[in-house]
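>>> Prediction below, plus the sequence it came from.
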Amino acid sequence: MDSPETFVGSIDQGTTSTRFLIFNRDGEPVASHQVEFSQIYPRPGWHEHDPLEIVASVETCISEAVQKFEAAGHSRTAIKCIGITNQRETTIVWDHETGEPLYNGIVWTDTRSQSIVAELRHKPGATQLPKLCGLPLSTYSSAPKLLWMLTNVPKVRDAFDRGTLAFGTVDAWLVYRLNGVDANVFVSDSTNASRTMFVNLETLRYDETLLDFFDVRGRIHLPTIVPSSHATAYGVVGFGALAGVPIMGCLGDQSAALVGQKAFSPGMAKNTYGTGCFLLYNVGEQPVFSTHGLLATVAYHFDKPVYALEGSIAVAGSGIKFLQNNMGFFKESKEVNDLAYSVEDNGGCVFVTAFSGLFAPYWIDDAKGTIFGITQYTQRGHIARATLEATCFQTKAILDAMEKDSGHALSELAVDGGMSNSDLAMQTQADLINIPVYRPKMRETTALGAAIAAGLAIGVWRNFAELRDINRAGGTVFEPQVSRQESTDKFEEWERAVQMSRGWVKSDEGNDFGAIKSYHPKSNHGNVPPSLTIGDGDLSVISNVVKGPIVTDTTKRTTQISVKEIGVHPVPKPLVTVIADLDEMDEEELVFELRKVEILKRLKKLKRLDYY
Ligand SMILES: Nc1ncnc2c1ncn2[C@@H]1O[C@H](COP(=O)(O)OP(=O)(O)O)[C@@H](O)[C@H]1O
Ligand SMILES: O=P(O)(O)OC[C@H](O)CO
């Protein structure tokens, strides 16, 4: 397809904003639109998105970008296909019959499933999971988020029991809705599906062992897994400004950035500083399972799957947003650069930005954000610097791990994403890793990657060679400017801070059963079931004892437990025999049973109990 009037659209559905870009065959964006959407934080550690608002944001971006495109003299009929790229792991559930979402999407950063994860770690087979799906058990992946919903959201539970529960990551949700619910196009690409913990990394199929581990086999509707570039599998946009245009590409955003950077050969890597920061290293056609805290993942799946080692950092640009929105340090993210340049160094501050615990290569889930080294000398500029540095330090730790896993040292790091706009951050990065950092001129590489995936399916580009010159000119190289010794010293200070940040979250946080607020064995008002109200707590412990739906009232920040209705909890497996008739129990007995479970858990943790 050689017509100069050939364009490819790209939906980039990120954690904080949605964009739609229209690329020409030279890989240049000719029109675009971007909108931010609501970030919902109902409680500390919780992070949600409204699934319908996400779809609406995509529709707005498409409509606005197409208007700009036509205002520039092009015709919308020249847009031949669309690619989708998206935030990964974020978990959406909907009713398979009506297409209506049953809960807000639980975002990849959300840590509410911490106690579920802690218990699953003790389950037989837990240690085998990374070898099957490439991922460690953590709050980051989709599976624990789904289990939390099954345990805590009655609507989700009901749909599960009725067999109408559909589960998907953001790609599956968008494809399903953009086609129109009636079309029922229910697919997910390999790069996204491999982040759920349900997929075998080598076969790229749902794995019975994994589905059994999470007790969901045969009980939920899962999207069909398809390659990242496909002429028909993703259907056709059903309505709006681009009704009738086929969707032909789909990649998780980090895979899309790797494709957009054209890191197609083993040994090539990219680091994307968006809301979080993700370093992907192409390892070729066989997955490499890390022994140093990295993830094994699908890089992209065109004619055949290609794999990557991944270092995931939970906080990058979101740290800048935190300074902006929560601390009021500045009005726009780009101002962080000047604020950080207003001081010479970090003034002795090290900020371990463990808002969601620490991801790779540390995987510490009992840390919270901690700033070390504050004195009367500390200014906002020092904190700004320390925030930028935190992501750079973690990137250094990931590169060290990657070198150990692959036996290969990178000679240059290609970067992109919002925070890569900060010159100070990129210079700091080069100084810390002692290799040049290359930042392309056009930084919308994630969107470009999805456009490439779509364009390859229809022949806009016929092969990788045709992509060679795209976005090559005009980039910036940041050369290391400090000695190795200086960067080693700084990194050691960071590592010390990481170790000191451990253990802040108590393992039994929120599990104080002395904090029971009220217990109503019998209702004075007709047929309201007996209930127990406790403070913010470890619901998975409660669910070991209480059969039946658990209703969480987030507004009151308490948890209402109906103790009458009898249901079956799929997860977690009971640690003790489930109490047969809770109706007969008084408060004292119930508290006793809850404590018993808690004591068993602690003993298990102390390794004084190998069975239950
Ligand atoms: N000039 C800048 N300097 C530092 N950080 C920035 C700058 N511009 C944007 N950011 C940060 O980058 C993030 C957005 O990057 P983006 O790649 O769009 O992420 P996402 O795809 O996760 O939404 C925001 O968190 C923002 O704070
Ligand atoms: O929103 P980003 O760009 O930080 O990316 C989110 C990741 O896909 C989460 O795994």
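Happy to help now that I have it. Ligands and ions are numbered 1, 2, ... in the order given.
>>> do you know how far W504 is from ligand 2?
Separation of W504 from ligand 2 (C-beta to the nearest ligand atom, to the nearest Å): 24 Å. In short, each C-beta sits where N, CA and C put it, glycine included.
>>> Can you verify my assumption that that residue contacts T370?
Yes - using C-beta atoms under 8 Å, W504 is in contact with T370, at 6.9 Å.
>>> Spell out which residues are contacts of both of those two.
Common neighbours of W504 and T370 (criterion: C-beta atoms under 8 Å, 6 or more residues apart in numbering): none identified.
>>> What is the longest helix anywhere in the chain packed up against?
Assignment by DSSP state H gives helix 380-406 as the longest helix of the chain. Here helix 380-406 touches strand 269-273, strand 277-284, strand 305-313, helix 317-321, helix 335-341, strand 350-352, helix 423-433, helix 484-501, going by 3 or more C-beta pairs under 8 Å, 6 or more residues apart in numbering; DSSP states H and E.
>>> could you redo the last one with a cut-off of 6 Å?
When contacts are defined as 3 or more C-beta pairs under 6 Å, 6 or more residues apart in numbering; DSSP states H and E, helix 380-406 sits against strand 277-284, strand 305-313, helix 335-341, strand 350-352, helix 423-433.
>>> So the residue nearest the centre of the chain, which state does it fall into?
In the chain, the C-alpha nearest the mean C-alpha coordinate belongs to W108, at 3.0 Å (C-alpha atoms, centre = their mean). Reduced to three states with DSSP: H, G, I helix; E, B strand; the rest coil, the structure at W108 is coil.
>>> Give me the phi and psi for it.
Dihedral pair for W108: phi -50, psi -30, per degrees, to the nearest 10.
>>> quick one: it and R88, what's the gap?
W108 is 6 Å from R88, where distance means C-beta to C-beta, to the nearest Å.
>>> Would you mind listing the residues in contact with G249?
By C-beta atoms under 6 Å, 6 or more residues apart in numbering, G249 lies in contact with 83, 229, 450, 453-454.
>>> With only the CA atoms kept, save stretch 259-272 in CSV.
C-alpha atoms of stretch 259-272 as CSV (Å, rounded to 0.1, in the frame of the first residue of the first chain):
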residue,chain,number,x,y,z
VAL,A,259,8.0,-1.9,19.1
GLY,A,260,7.8,1.9,18.7
GLN,A,261,11.5,2.1,19.6
LYS,A,262,12.0,-0.7,17.0
ALA,A,263,13.9,-2.9,19.5
PHE,A,264,13.3,-5.9,17.3
SER,A,265,16.6,-7.7,17.9
PRO,A,266,17.6,-9.7,21.0
GLY,A,267,19.8,-7.5,23.2
MET,A,268,17.8,-4.3,22.5
ALA,A,269,16.0,-2.6,25.3
LYS,A,270,13.9,0.5,26.1
ASN,A,271,12.8,2.2,29.3
THR,A,272,9.5,4.1,29.4
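>>> where does the protein dip in pLDDT?
1-4, 506-612 (pLDDT under 70).
>>> ok, whichever residue of it sits closest to ligand 2 - how many residues close by?
Per C-beta to the nearest ligand atom, G274 is where the chain lies closest to ligand 2, at 2.8 Å. Counted by other C-beta atoms under 10 Å, the residues lying close to G274 total 24.
>>> Just confirm it contacts D416, I think it does.
No - using C-beta atoms under 6 Å, G274 is not in contact with D416; the gap is 8.5 Å.
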